[in-house]
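A.B. asks: Pasting the sequence and the predicted coordinates here, then a few questions.
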Amino acid sequence: MGDLDGLVKEFLVESYENLDRLDKEFLQLEQTPGNREIISSIFRTIHTVKGTSGFFGFEKLQGVAHAGENLLVKLRDGALVLNQDISSGLLRSVDAIRAILGEVEKTGAEGSENYPSLIAELEHLATGAAAKPVESAPASAPAPVAVQAAVVSAPTAEHPVMPSAQSSELASRPSSSSAESAAKPADGAATAGGSLADQSLRVDVSVLDRLMNLVGELVLTRNQILQHAGATASSALVTTSKRLDNITSQLQEEVMKTRMQPIEAVWGKLPRVVRDLAKQIGKQVRLDMEGKDTELDKSIIEAIKDPLTHMVRNSVDHGIEKPDKRIAAGKPAEGCILLRAYHEGGKVTIEIRDDGGGIDPARIKAKAIEKGLITVEQSAKMAEREILALILAPGFSTAEQVTNISGRGVGMDVVRTNIEKIGGSVDIASVVGIGSSITIKIPLTLAIIPALVVTSGGERFAIPQINLLELVRIEKAKAATLIEDVYGAPVYRLRGQLLPLVYLSKELGLPVNESAAINIVVLQADETQFGVVVDTVLDTGEIVVKPLDKQLKSLSVFAGATIMGDGTVALILDVFGPVSYTHLTLPTNREV
């Protein structure tokens, strides 16, 4: 079998499952020929196979399914009554469909058989005439083997391809071959396994969620055992704990794979969104996508779905100009929006770029002053990046009038909030007349993350390593000369660059340890680098993220909590918290 597209694989898996059910339903229908519910179910399944095969361009498969569908219409409408000839003809059509699917699975094509006699027989039966004599069918052969097994996400999960309503049955038995063309095994391995349907299982997402939670608890228990093993002299316990550590890590990795989905699951709907919106407002817009196979945890996929849709709509509405304006500016009438996703440094980066008119910082600044978001004095000191970031402020909008698309000042601030909730960041860059770009950086998963454990004011805290750049230690005697005061704020000169500092104990109202050396955890939030001063740096390790209770959710400095190896609770710092409540900023030049 050649490499099949992921959507074709899903089509094959679902079609095999549907055909297995059709065999049973046809036999039930022979026992109760007038059962309209069974007839309707069979018709819907054949209709789905026909429609989806047409979508993929499988004309032979579509032709056989269409002939069977025409006969089923007569049965459904009561124009014909099921008899042995009709039942046999429909079952042969199911076998033919199964054989064509086998060819698609094996070679990626439908094979050379066109099934003219079967189609003619089905058309003949649809007229109400008796069946013509047919040659006996060859012995059934096993369906071709699939090279790759897959865990297919549940019917409750959103999928970009299959329109079928019958998507929750489990594959239960080997597939039989066609009455006209028995499928040959794909290779020598064919006897060792079954079809894609036999090697795939549909699992409800809630089951995967519970499994992920259990793995999280196992990781916590593993951490506790490792801590106890490190304090004991028992070599047997140390060896066993290391083995447990290895198995737990492998289990965690495999369970995470079951939750990973390509970002195409979100992107699949965006071309239609762009087309409809562009047509509505009289623009010509093309949507290009790169990196559709980039995978993310399903919880992250769900979290970015609405923000991503809003930002793409915003690019169409605000970014791309009208055709006449683009032509006057020497651009093609059709604007282009590029969606790009890729893995980078343990994170996923998503870029939304357009070749529109860009964002005028002067206009943004004037609107922000008009709306009272900043003062004239503040605006004079702001870098261009800070001005562009005002677009993400609550209540900000440059739309001249309120429409059903934009202008109410609600949206981009919600986008930023939702992205930051999952540990991500949003950055805006623009060049007037050239275009704009929005860069989103998000973690691969939320459930289990690597973190740095620190202490401050006698309490332990965990800092996600995704935001960690480096660690700096300054002896107490040198702190007075190395840490400077700039406009009333402490900074450290790191390799010639000023690094703003946040003293964690002071910000959280905890006791300050004046006698200890200065430990600086250098972090990055968006494009801003800053240092968090802590008392001690303990260790790194994987932590299980637990949500905060509702009384603590309003605290922007904390992203969650975790249970440490000794059973105590440590709060997880949200690195965007210090940026927001201390107003840390560093000017950054960035190309669009």
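C.D. replies: Perfect, thanks for sending it.
A.B. asks: helices and strands around the helix or strand harbouring residue 212, which ones?
C.D. replies: Counting by DSSP states H and E, the element that carries residue 212 is helix 205-230. Helix 205-230 is packed against helix 235-259, strand 448-456, strand 536-544, with contacts defined by 3 or more Cβ pairs under 8 Å, 6 or more residues apart in numbering; DSSP states H and E. The C-beta positions use only the backbone N, C-alpha and C, and glycine is treated the same way.
A.B. asks: quick check: angle from it to strand 448-456?
C.D. replies: 50 degrees (axes from the mean of the first three to the mean of the last three Cα atoms, to 10 degrees).
A.B. asks: Give the buried residues for helix 205-230.
C.D. replies: By neighbour count on 16 or more other Cβ atoms under 10 Å, the buried set for helix 205-230 is 205, 208, 212, 215-216, 218-220, 222-227, 229.
A.B. asks: sorry, back to before: could you dump the helices and strands packed on helix 205-230 to TSV with mean pLDDT, mean neighbour count and distance to residue 124?
C.D. replies: Formatted as TSV, the helices and strands packed on helix 205-230 follow (pLDDT from 0 to 100; neighbours: other Cβ atoms under 10 Å; distance: least, Cβ to Cβ, whole Å):
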stretch	mean pLDDT	mean neighbour count	distance to residue 124
helix 235-259	86	14	48
strand 448-456	86	21	62
strand 536-544	84	17	65
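A.B. asks: I'd like those as JSON lines, with distance to residue 434 appended.
C.D. replies: Converted to JSON lines, the helices and strands packed on helix 205-230 look like this (distance: least, Cβ to Cβ, whole Å):
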{"stretch": "helix 235-259", "distance to residue 434": "39"}
{"stretch": "strand 448-456", "distance to residue 434": "37"}
{"stretch": "strand 536-544", "distance to residue 434": "42"}
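A.B. asks: nearest to residue 509, of the ones you listed?
C.D. replies: strand 448-456 (11.1 Å; Cβ to Cβ).
A.B. asks: Of the helices and strands packed on helix 205-230, give the one that comes closest to residue 116.
C.D. replies: The nearest among the helices and strands packed on helix 205-230, by Cβ to Cβ, is helix 235-259 at 44.0 Å.
A.B. asks: what's the helix or strand sitting right after that closest one along the chain packed up against?
C.D. replies: As assigned by DSSP H and E, the chain's next helix or strand after helix 235-259 is strand 260-262. Counting contacts by 3+ Cβ pairs under 8 Å, 6+ apart, strand 260-262 packs against strand 295-297, helix 298-314.
A.B. asks: one more time with 7 Å, if that's ok
C.D. replies: Strand 260-262 sits against strand 295-297, with contacts defined as 3 or more Cβ pairs under 7 Å, 6 or more residues apart in numbering; DSSP states H and E.
A.B. asks: Now do the strand it packs on: distance to the chain's middle.
C.D. replies: Its chain's average C-alpha position is 5 Å from that of strand 295-297, according to Cα atoms, centre = their mean, to the nearest Å.
A.B. asks: again, but for stretch 481-495
C.D. replies: For stretch 481-495, the distance to the chain centre is 41 Å (Cα atoms, centre = their mean).
A.B. asks: Pull out the buried positions in that stretch.
C.D. replies: For stretch 481-495, burial by neighbour count (16+ other Cβ under 10 Å) applies to 483, 490-492, 494.
A.B. asks: what sits up against the helix or strand harbouring residue 71?
C.D. replies: According to DSSP H and E, residue 71 maps onto helix 59-76. The contact list for helix 59-76 (Cβ atoms under 7 Å, 6 or more residues apart in numbering) reads 39-40, 42-43, 46-47, 49-50, 53-54, 80, 82, 86, 90, 93, 96-97, 100, 110, 114-115, 118-119, 122-123, 125-126.
A.B. asks: who wins for proximity to residue 302 among the helices and strands packed on helix 205-230?
C.D. replies: Proximity to residue 302 (Cβ to Cβ) singles out helix 235-259 among those, at 11.0 Å.
A.B. asks: right, and residue 443 touches residue 349 too?
C.D. replies: No - Residue 443 lies out of contact with residue 349 (Cβ atoms under 7 Å); the separation is 11.3 Å.
A.B. asks: which residue ends up closest to the midpoint of this protein in space?
C.D. replies: residue 301 (3.0 Å; Cα atoms, centre = their mean).
A.B. asks: so the spatially closest residue to that one that is not a sequence neighbour bridges to which residues?
C.D. replies: Closest residue to residue 301 apart from its sequence neighbours, by Cβ to Cβ, 6 or more residues apart in numbering: residue 261 at 5.3 Å. Beta bridges link residue 261 to residue 296, judged by DSSP bridges.
A.B. asks: what's near enough to touch residue 261?
C.D. replies: Contacts for residue 261 were tallied using Cβ under 7 Å, 6+ apart; they are 153, 295-296, 298, 301.
A.B. asks: Helices of the stretch 401-550 of the chain, start to end?
C.D. replies: With helices called from DSSP state H, counting those that start in this stretch, the stretch 401-550 of the chain shows them at 412-421, 476-482, 504-508.
A.B. asks: could I get the ones you listed as JSON lines with distance to residue 373 and mean pLDDT?
C.D. replies: Shown next, in JSON lines, are those (distance: least, Cβ to Cβ, whole Å; pLDDT from 0 to 100):
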{"stretch": "helix 412-421", "distance to residue 373": "11", "mean pLDDT": "80"}
{"stretch": "helix 476-482", "distance to residue 373": "37", "mean pLDDT": "81"}
{"stretch": "helix 504-508", "distance to residue 373": "24", "mean pLDDT": "86"}
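A.B. asks: JSON lines for those, including distance to residue 353?
C.D. replies: Putting the helices of the stretch 401-550 of the chain into JSON lines (distance: least, Cβ to Cβ, whole Å) gives the following:
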{"stretch": "helix 412-421", "distance to residue 353": "16"}
{"stretch": "helix 476-482", "distance to residue 353": "41"}
{"stretch": "helix 504-508", "distance to residue 353": "36"}
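A.B. asks: Give me whichever of these is most buried.
C.D. replies: Most buried of those, by mean neighbour count (mean count of other Cβ atoms under 10 Å): helix 412-421, with a mean of 18.
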